[in-house]
Each structure stands twice: as C-alpha cells, then as structure tokens.
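A.B. asks: Mind folding the following:
(one chain, ligands or ions: 1)
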Amino acid sequence: MKNQKHLFQLPSDIHYLNGAYMSPLLKSVEEVGIAALIQKRNPTNISPADFFSLAEVAKSNFGKLVNCPSTQVAIIPAASYGMATAIQNLPKDHGGHVLVVSDEFPSGYYTIEKWCRENGKNLKVIEVPKALENRGKIWNSKILSHINEDTCAVVMSSIHWTNGTLFQLKEIGEKCKANQALFIVDGTQSVGAMPIDVMDYQIDALVCAGYKWLMGPYSIGMAYYSASFNEGNPLEESWMNRSNAQNFSALTQYVDDYTPGAGRYNVGEFSNFTLLPMLNAAIVQILKWDPANIQAYCHQLSEPLIKFLKENGFWLEEEEFRAKHLFGVLLPVNIHQEKLLKKLQERKIFVSVRGKAIRVSFHLYNTEEDIQVLIDTLEEFVK
Ligand SMILES: Cc1ncc(COP(=O)(O)O)c(C=O)c1O
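C.D. replies: Numbering: from 1, shown residues only. Here you go, the predicted model:
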C-alpha cells in the first residue's frame, strides 16, 4: 500500500502523528460535507425517503467493516451514548461482577461503574501488570483468568487507548460465551485502522466514535449490537425508530414495534444530513483501502522508529501485543518529558501524552519524513 497523503490537506509543515486524537479530514469527505450543507439551502432538496436511505447505506458499509448485517447497526452521536445503550441492557440476573481493564476510557468506565453501583454488582478492575516485561501477554492472561460463571459482562476497549496494547478479543469473546457473559467493546481506537470481526470474536456490542479511525466528522459514530439486544430498551423514543416511520402522513397512528434488529438504538435525527454523508464517505474510503493494509503500512512505516526506541532505552509493548497504528512509549529516566514535549511542539510534531506514555499514532497520510523527524528529535535527547 502506498502513502495516501495526497487525499488529505494536512499543512505541509506539520508532522501529524496523532490520529488517535482526531483524524484529519479526507478531501473527499470534506467535499461531501460541503455539498450536504448546501443542500439545506433549499429544503425541497430533502425528501422523506432521504431521512432513511443513506442511513441504510452507511449501516451496511459499517457492517462490511466489522462483519455484521446492517440491521444490527445503530447510528450513535458519541461512544458514551453507544456504551450507555449496551450497558443499560445488561442482564441484572446473571453474575455478580463486571470486568474492566485499568485506565479504561471514561465514557465506558463511568457508565459501567454507575450501572454496577445501582445494580449491586462488583466492578472488578484488571490492573495493568506493574512489570514491563511481557506486560501485554500477562495482562491478557489476567483478563482471561478472571472470566468465570459469575461474570455478568466484560466491558473494555478493543485496544488500550493510551498505549495500544492489543487485547485477545477472540479468546476473551470465547470465554465470555462459555460463561454466558456479555462482551461489550469500545472500538473507537481501532475500528477502521485494524481488522475486527464481531462474529468471529463473539462481540455483543461494538461501539465506535466516528472521528478517529473511522475518519469521519465529530459527533457521529456507529455501533453494532448482537441479536441478544434486539428486545432491549433504547435510551430515547425517536419516532424514526418505529416501524411506521417512513409513512409521514400516519405518524400519529402510534405503533408499539420498532424497526428490526438494532434499529431501536439509533439516535434521534439519525439522518443527520451533513454528518452522516461524511461518515459514510469516510467508511467507503476505508473499505477501499482495507484496514489490514493500513496496519501493514503503519507497521512498515514505524519500523525505523521502533528500532531506534528499543536501542535507546525507551519502552513500548512487545510486537505481538502492540497495535501498529497506535502505541505508547515510556521515556528513559534521563529524558525530561516536559522538555521533550516542548521540542516536539517547536518542530510541529504532534503526539499525545496519555498517562505516563507519549502516544504516537500513524496512518496512510504519514510519510518516512514524519518518522525521521521524530527520531532525529528523540536522538537529541538520548545523547
Ligand atoms: C477508547 C475511546 N473511546 C471513546 C472515545 C470518545 O468518546 P466519546 O465519543 O464518548 O466522546 C475516545 C476518545 O479519545 C477513546 O479514546
């Protein structure tokens, strides 16, 4: 896979290694957004059918990305909304505890912490191992060993959002199923940049904010809910999610039933005439690229950086347990984090600090030069 920088409009003088914070906008997505905005100059451009048709297309495209039917996909405004939908529908009569990993992203953490408190469940946090050696491997086996017949649900991110640790989703999903525990995954930091298969991994809910690796605009995302949620309780009662919604002249002939599958979980006004076309266009581009190719590109691109880091006393997760598009780097003790960050800022190298780690993230818009400038800057600090 070749570099795709030409499809973006990043300023030429910045080194953007921070897609985990927010993706840059594809030119094609920007064009779709502008056209969508202009469409509302004249409301006769928007027909009743338009309230539903693009949503179907977008759900189907997201379904292709994660391997599920479009009927099991819902359009959400934020990960917090998608997580709340799944969590409020967890079974109250199975299991005494819920498992999370340490330093989980707050949108999921606050929701499950509150649900556990209100429903008399014990929230067990599987802490990251203190020792750095084989950390990813040990962390994964700790998670797996805690899933048992008393587990109500496992609620976690697909990769760790601060350091890119890969979680063994297939094995965790398998163990959840064997113990009748639900498996709720926040895919925001990997879906779009890394392959995922909700069927193969036996995931019950996969929630994704759209503005990072799905490369969409802010305030719209997608979620998959397995059939086990099909009779659940939505957060709100939008008219658009009822079975008669497409018949605009009969909306007050109220009906009890929802649109099938996960249709009841769409956010109100899910047709979002500006943001939805943009998110859909972004997913179409991702499907063309293929997330496996994005991982391979990022892996190859970051190789010289990884070599440098290993040779110079930095710590990063072992390759087997490290996402290729995003990882956290711990600095050697002699490097002053603040000074380094200042220098990176001066050189317009954009990264994030999450916890104790400097988080670097890559995509097809990054070049060998971006990597080299980062290496050169780090080199000045290890001397
Ligand atoms: C793992 C993860 N989930 C979700 C989000 C965003 O959450 P929300 O859409 O609730 O703002 C982020 C943002 O950094 C994230 O890293």
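A.B. asks: Name the nearest residue to the spatially most central residue of the chain, ignoring sequence neighbours.
C.D. replies: The geometric centre of the chain, computed from its C-alpha atoms, lies nearest to residue 188 (CA atoms, centre = their mean), at 1.0 Å. The spatial neighbour of residue 188 that comes closest, neighbours along the chain excluded (CB to CB, 6 or more residues apart in numbering), is residue 209 at 4.4 Å. No exception for glycine: its C-beta is placed from N, CA and C like everyone else's.
A.B. asks: now swap in residue 7 and tell me
C.D. replies: Beyond its immediate neighbours in the sequence, the residue positioned closest to residue 7 (CB to CB, 6+ apart) is residue 26, lying 5.5 Å away.
A.B. asks: Tell me where this protein has helices.
C.D. replies: Secondary structure of the chain by DSSP state H: the helices cover 27-39, 50-66, 79-88, 106-119, 135-146, 169-178, 275-289, 291-311, 337-346, 368-382.
A.B. asks: tell me the angle the first one makes with helix 275-289.
C.D. replies: Right, the one you point to is helix 27-39. Between the direction of helix 27-39 and that of helix 275-289, the angle (axes from the mean of the first three to the mean of the last three CA atoms, to 10 degrees) works out to 160 degrees.
A.B. asks: can you pull the contacts of residue 188?
C.D. replies: With contacts taken as CB atoms under 8 Å, 6 or more residues apart in numbering, residue 188 has the following neighbours: 79, 105, 157, 161, 207, 208, 209, 212, 213, 221.
A.B. asks: Of these - the most surrounded one?
C.D. replies: Scoring those on neighbours with other CB atoms under 10 Å, the highest-scoring entry is residue 207 at 31 neighbours.
A.B. asks: what's around the residue nearest to that one when sequence neighbours are not counted, how many residues?
C.D. replies: For residue 207, the nearest residue in space outside its immediate sequence neighbours is residue 82; the separation is 3.4 Å by CB to CB, 6+ apart. For residue 82, the neighbour count with other CB under 10 Å is 33.
A.B. asks: Ok, residue 133 next?
C.D. replies: Taking other CB under 10 Å as the criterion, the count of residues near residue 133 is 9.
A.B. asks: Around the ligand, which positions in this structure sit nearby?
C.D. replies: Proximity of the chain to the ligand is assessed by CB under 6 Å from any ligand atom, with 78, 79, 80, 105, 107, 157, 161, 186, 188, 189, 209 identified as the residues in range.
A.B. asks: distance of the third one from residue 207?
C.D. replies: Shown here: residue 80 relative to residue 207, a distance of 9 Å by CB to CB, to the nearest Å.
A.B. asks: I'd like to know how many residues surround residue 185.
C.D. replies: Counted by other CB under 10 Å, the residues lying close to residue 185 total 30.
A.B. asks: same question, residue 11
C.D. replies: Quick note: residue 11 (other CB under 10 Å) scores 8 neighbours.
A.B. asks: just residue 51 next, same as before
C.D. replies: Counted with other CB under 10 Å, residues neighbouring residue 51 total 17.
A.B. asks: my guess is it contacts residue 271, does it?
C.D. replies: Yes - taking contact to mean CB atoms under 8 Å, the distance of 4.5 Å between residue 51 and residue 271 places them in contact.
A.B. asks: From residue 175, how far off is residue 11?
C.D. replies: With distances taken as CB to CB, residue 11 is found 46 Å from residue 175.
A.B. asks: let me redo that: residue 67
C.D. replies: Per CB to CB, residue 67 is found 20 Å from residue 175.
A.B. asks: Who has more neighbours out of the two?
C.D. replies: For residue 67 versus residue 175, neighbours defined as other CB under 10 Å are more numerous around residue 175 (21 against 15).
A.B. asks: surely the more buried one meets residue 144?
C.D. replies: Yes - taking contacts as CB under 8 Å, residue 175 lies within contact range of residue 144: 5.8 Å.
A.B. asks: List the neighbouring strands of the worst-scoring helix or strand of the chain on mean pLDDT plus their orientation.
C.D. replies: Of all the helices and strands that make up the chain, strand 352-354 has the lowest average by mean pLDDT, DSSP states H and E, namely a mean of 89. Next to strand 352-354 in the sheet, as set by DSSP bridges, lie strand 357-361 (antiparallel).
A.B. asks: next one: the partner strand to chain centre, how far?
C.D. replies: Counting by CA atoms, centre = their mean, to the nearest Å, strand 357-361 is centred 16 Å from the centre of its parent chain.
A.B. asks: Kindly report the domain assignment for the protein.
C.D. replies: Taking automatic domain parsing as the domain assignment, the ranges for the chain are 5-26+290-382, 33-288.
A.B. asks: okay, those domains, which one's buried deepest?
C.D. replies: Mean neighbour count (mean count of other CB atoms under 10 Å) peaks for domain 33-288 among those, with a mean of 19.
A.B. asks: mean confidence score for stretch 133-141?
C.D. replies: This predicted structure assigns stretch 133-141 an average pLDDT of 97.
A.B. asks: swap in stretch 221-232?
C.D. replies: Per-region confidence: stretch 221-232 scores 98 on mean pLDDT.
A.B. asks: Show me the contact partners of it.
C.D. replies: With CB under 8 Å, 6+ apart as the test, stretch 221-232 has contacts from 58-59, 62-63, 66, 68, 72-79, 82, 85-86, 88-89, 182, 188, 198, 203-211, 214, 260-262, 264-265, 279.
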